[in-house]
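**Q** here's my sequence, what's the structure:
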Amino acid sequence: MHIPPDIVGNEFAEVSVRIDEEANSRRLRLEDLKTGRVRYLDALELETLVWLPEGHLAKLLDPSADRWREDNT
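**A** You can find the predicted model right below:
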């Protein structure tokens with residue numbers, strides 16, 4: 001069963017979010033609508049995000065670290 005994506009967005013980003021059932025188990029499919037880049041997160045990866053202390057996400061949110069670098073593929 002194909003589930004249509006939801007869009008999560010704000011003034012900085014817009015991401016398509018849906019449940020993917022094509023792998024061995026269900027996982028979250030995230031697509032950056034600006035670049036088309038796709039990432040899949042399984043249950044363990046999602047749980048890890050939930051349990052991270054708040055400060056640990058700050059480095060990931062710095063766009064100059066990876067997101068907007070020319071050599072990033």
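
**Q** use CA for all of it now, contacts and neighbours both
**A** Noted.

**Q** for the closest residue to Gly9 other than its chain neighbours, list each beta-bridge partner.
**A** Counting by Cα to Cα, 6 or more residues apart in numbering, Gly9 lies nearest to Val15, which is 6.1 Å off, once chain neighbours are set aside. Counting by DSSP bridges, Val15 is bridged to Val8, Asp32.

**Q** what's the local residue count around Val15?
**A** 21 (other Cα atoms under 10 Å).

**Q** ok, now Thr35?
**A** 8.

**Q** next one: it from Arg29, what distance?
**A** Distance of Thr35 to Arg29, given as Cα to Cα, to the nearest Å: 15 Å.

**Q** also Glu54?
**A** For Glu54, the distance to Arg29 - Cα to Cα - is 23 Å.

**Q** for the most centrally placed residue in the chain, what are its contacts?
**A** In the chain, the C-alpha nearest the mean C-alpha coordinate belongs to Leu30, at 4.6 Å (Cα atoms, centre = their mean). By Cα atoms under 8 Å, 6 or more residues apart in numbering, the contact list for Leu30 reads 15-18, 38-41.
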